[in-house]
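[1] Following is a predicted model, sequence given first.
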Amino acid sequence: HLISSHLIIIIIIIMAPPPDHEKVEDGEFPTERKDGFVPGVFVVTSNIPGATYNRDGSLCEKKVCLCHKDFRTSGGSVVIPWAQFDKRDGEGGGYFDWDFVDQQMEPWLARGQVVNLLVWPAVQKKDQLFPNGGSATPDYIMDQDNMTYQCPDGSAQFGCCSEGIPLPKFWKPEVFQKYGQALKQFVRRYEDHPGVNYFRFGIGVGAESYPGNGCTMPHNYGMSTLVEQFEGESYEEKAENAYKGWSNYAKGRVRAFRELNSKKPIVVTINNFATLDGMDKTDFPHMIAEEATKDFVGEDGVEYPKLGLGVQGATTNDAHKYKKGEMCYADWGAIFEKTKELGVPLQIQTPLHSGVNGRPGPWQERPECQELKHNNGKYGVTNTGNLAELLDFSVSVGANAFELYPYEWMVANDEHWCNKDPELNWHAKFGEQYGEALTKASNLELAK
């Protein structure tokens, strides 16, 4: 997620705007439901909050929609910051405002498509403070010093910034309670809306289950900041308490999501998480998956619905590992295979747009693409790898909802690819392959 928004911007600058393809008439987009939701491919705008709104709150030109007027596309996934609909003052006053949500949904619904609503309780990095540079967390939380802490900016690991970004202490009872109240209102407002497909609610930053970018693994640049929020006589004891504290919070949050008893599916993300060397980083995603999908009957005798599962870091490297008997990121391949018969959304998003020529590494022909983890969009090389390969694997383990970046449709459909070098015209070279991949993952196939 950390560099996706920058890559999308670069792509838009480098490439000529895609042509406004002939309008697809309303009702021609595939939106057939199966098991209570629409499986298929969706355009993800979650790394550019406000794909339909500028930072000053004004409507922007919806260029993001031009490259995917495609009969295989079932709709879009849009980000809704918590603060954009929760206008309470923290003292019993205020209200909930749905204008922003409705406006974000409108372009998709107007074309006869559906939307996935992603609620972010907090942003992941400074350039996502939106709109007007505001936090995704309501002011009545952020204005209380004891409810927040300064986490290194999610861009810091790339040498872009070293400033802190304020994040809520999600695990504090008041934050837990207020966020839960807001989500209850959100669900009641949209669970009967025919244009809403599923909800994806954040446990931590963004729509993720980790506490912050750079706060996922023991030696991440932000981990010590998180650890210091917890008590202990030594760093190791604080780190153990941080792991227990965050895990208990996440477990409670998943149960609270289920207790919302939503008529629409709710999806939670599985992520690796560990605070000390020697911890199994996949224990955390397995715990999330177990809590989300096991039978759960409340004290009132109500059997609460199972949640869907999602992964936001899927790559072809996962496919390679899984086929060798190794674990994917957050062990999502095995978790999906285990849960694919439950009839819940199993959602995929990539960390950034795909690379038609695969992942960087010594196997690449061009020297500038041979360094591991060195993305080179010009030559079609990114850590995500080739989309067709990834979708083929993902479908095989049960994935049924694909939130993809606009780039993928540009490769499939853009006959006016601006690069005149025929060796770098990815539509000419990979358009048919990508088109077939999008079809295989579309509602046309998955709703059968």
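    Looks like it came in fine. Given the structure is predicted, the values throughout are model-derived calculations rather than measurements.
[2] quick one: low-confidence ranges for the stretch 251-400 of the chain?
    Regions of the stretch 251-400 of the chain meeting the criterion pLDDT under 70 are absent.
[3] Tell me where this protein has helices.
    4-14, 99-110, 139-142, 173-190, 223-227, 235-259, 283-293, 316-323, 332-339, 387-396, 406-413, 426-440, 443-446 (DSSP state H).
[4] what's the offset of the third one from the middle of its chain?
    Centroid separation for helix 139-142 versus its chain: 24 Å, with C-alpha atoms, centre = their mean, to the nearest Å.
[5] just the fourth one next, same as before
    Average the C-alpha atoms of helix 173-190, do the same for its chain, and the two points are 20 Å apart (C-alpha atoms, centre = their mean).
[6] Against which helices or strands is it packed?
    The contact analysis (3 or more C-beta pairs under 8 Å, 6 or more residues apart in numbering; DSSP states H and E) places helix 173-190 against strand 114-120, helix 139-142, strand 196-201, helix 235-259. The C-beta positions use only the backbone N, C-alpha and C, and glycine is treated the same way.
[7] For G94, find the nearest of these.
    helix 139-142 (8.0 Å; C-beta to C-beta).
[8] Mind checking the pLDDT average for the closest one?
    Mean pLDDT, helix 139-142: 95.
[9] Identify all contacting residues around it.
    83, 88-91, 94, 135, 147-148, 166, 168, 174-175, 178 (C-beta atoms under 8 Å, 6 or more residues apart in numbering).
[10] picking that back up, possible to save the helices and strands packed on helix 173-190 as JSON lines with mean neighbour count?
    Converted to JSON lines, the helices and strands packed on helix 173-190 look like this (neighbours: other C-beta atoms under 10 Å):
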{"stretch": "strand 114-120", "mean neighbour count": "25"}
{"stretch": "helix 139-142", "mean neighbour count": "20"}
{"stretch": "strand 196-201", "mean neighbour count": "27"}
{"stretch": "helix 235-259", "mean neighbour count": "19"}
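[11] could you give me the average pLDDT of stretch 92-104?
    The average of the pLDDT scores along stretch 92-104 is 93.
[12] quick one: contacts of it?
    Defining contact as C-beta under 8 Å, 6+ apart, one finds that stretch 92-104 is touched by 51-53, 78-80, 84-88, 115, 117, 140, 182, 185, 189-190.
[13] Can you tell me the number of residues neighbouring the closest residue to E259 other than its chain neighbours?
    Leaving aside its sequence neighbours, E259 sits nearest to Y304 (C-beta to C-beta, 6 or more residues apart in numbering; 6.0 Å). The local packing of Y304 (other C-beta atoms under 10 Å) involves 16 other residues.
[14] my guess is Y304 contacts A256, does it?
    No - with contact defined as C-beta atoms under 8 Å, Y304 does not reach A256; the gap is 10.3 Å.
[15] For D192, see how far away K338 is.
    Noted for K338: a distance of 31 Å to D192, by C-beta to C-beta, to the nearest Å.
[16] nope, E240 is what I was after
    The value you get for E240 to D192, if C-beta to C-beta is used, is 44 Å.
[17] cool, and E299?
    Between E299 and D192 the computed distance is 26 Å (C-beta to C-beta).
[18] Looking only at neighbour counts, state which of these two leads.
    Legend: neighbour count by other C-beta under 10 Å for E299 and D192, higher for D192 (10 against 5).
[19] right, and that one touches K263 too?
    Yes - D192 lies in contact with K263 (C-beta under 8 Å); the separation is 6.5 Å.
[20] which residues touch K238?
    Remark: with contacts taken as C-beta under 8 Å, 6+ apart, K238 is in contact with V227, E228, F230, E231, G232.
[21] Same question for L183.
    So L183 contacts V119, F201, A256, F257, L260 (C-beta under 8 Å, 6+ apart).
[22] leaving aside the residues next to it on the chain, what's closest to the second one?
    In space, not counting the residues next to it along the chain, F201 is nearest to V119; the distance is 5.0 Å by C-beta to C-beta, 6+ apart.
[23] residues contacting the one you found?
    I80, P81, W82, L183, F186, F199, R200, F201, G202, A207.
[24] nearest spatial neighbour of the third one, skipping sequence neighbours?
    Spelled out, that is W82. Distances taken as C-beta to C-beta, 6+ apart place P121 nearest to W82, at 4.8 Å, with adjacent residues excluded.
[25] That neighbour and L352: what is the separation?
    23 Å.
[26] same thing with K169?
    30 Å.
[27] now swap in P39 and tell me
    23 Å.
[28] One more: Q229?
    With C-beta to C-beta as the criterion, Q229 and L352 are 30 Å apart.
[29] And the two? Which one has more around it.
    Between Q229 and L352, counting by other C-beta under 10 Å, L352 is the more crowded of the two (24 against 18).
[30] Run me through the strand neighbours of the strand ranked longest in the chain, direction for each.
    In the chain, assigned by DSSP state E, the strand with the most residues is strand 73-81. Partners of strand 73-81 in the sheet, by DSSP bridges, are strand 40-44 (parallel), strand 114-120 (parallel).
[31] Let's have those in JSON lines, adding distance to P367 and mean pLDDT.
    JSON lines is the format used below for those (distance: least, C-beta to C-beta, whole Å; pLDDT from 0 to 100):
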{"stretch": "strand 40-44", "distance to P367": "32", "mean pLDDT": "92"}
{"stretch": "strand 114-120", "distance to P367": "39", "mean pLDDT": "95"}
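[32] Nearest to K448, out of these?
    Of all the strands paired with strand 73-81, strand 40-44 comes closest under C-beta to C-beta, at 11.4 Å.
[33] So which residue is dead centre in this structure?
    Q312 (5.1 Å; C-alpha atoms, centre = their mean).
[34] which residue packs closest to it, ignoring adjacent ones?
    Per C-beta to C-beta, 6+ apart, closest to Q312 is Q349, 4.4 Å.
[35] For stretch 175-191, buried residues please.
    Residues of stretch 175-191 classed as buried: V175, F176, K178, Y179, A182, L183, F186, V187, Y190, E191 (neighbour count, 16 or more other C-beta atoms under 10 Å).
[36] Keeping just the C-alphas, turn that stretch into CSV.
    What follows is stretch 175-191 as a C-alpha-only set of coordinates in CSV (Å, rounded to 0.1, in the frame of the first residue of the first chain):
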residue,chain,number,x,y,z
VAL,A,175,-11.9,4.4,21.0
PHE,A,176,-13.1,0.8,20.8
GLN,A,177,-16.6,1.8,21.9
LYS,A,178,-16.9,4.9,19.7
TYR,A,179,-15.7,3.2,16.6
GLY,A,180,-18.1,0.3,17.3
GLN,A,181,-21.0,2.8,17.7
ALA,A,182,-20.2,4.5,14.4
LEU,A,183,-20.0,1.2,12.5
LYS,A,184,-23.3,0.1,13.9
GLN,A,185,-24.9,3.3,12.4
PHE,A,186,-23.0,2.7,9.2
VAL,A,187,-24.2,-0.9,8.8
ARG,A,188,-27.8,0.1,9.6
ARG,A,189,-27.7,2.8,7.0
TYR,A,190,-26.3,0.7,4.1
GLU,A,191,-27.0,-3.0,4.8
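[37] Much appreciated, bye for now.
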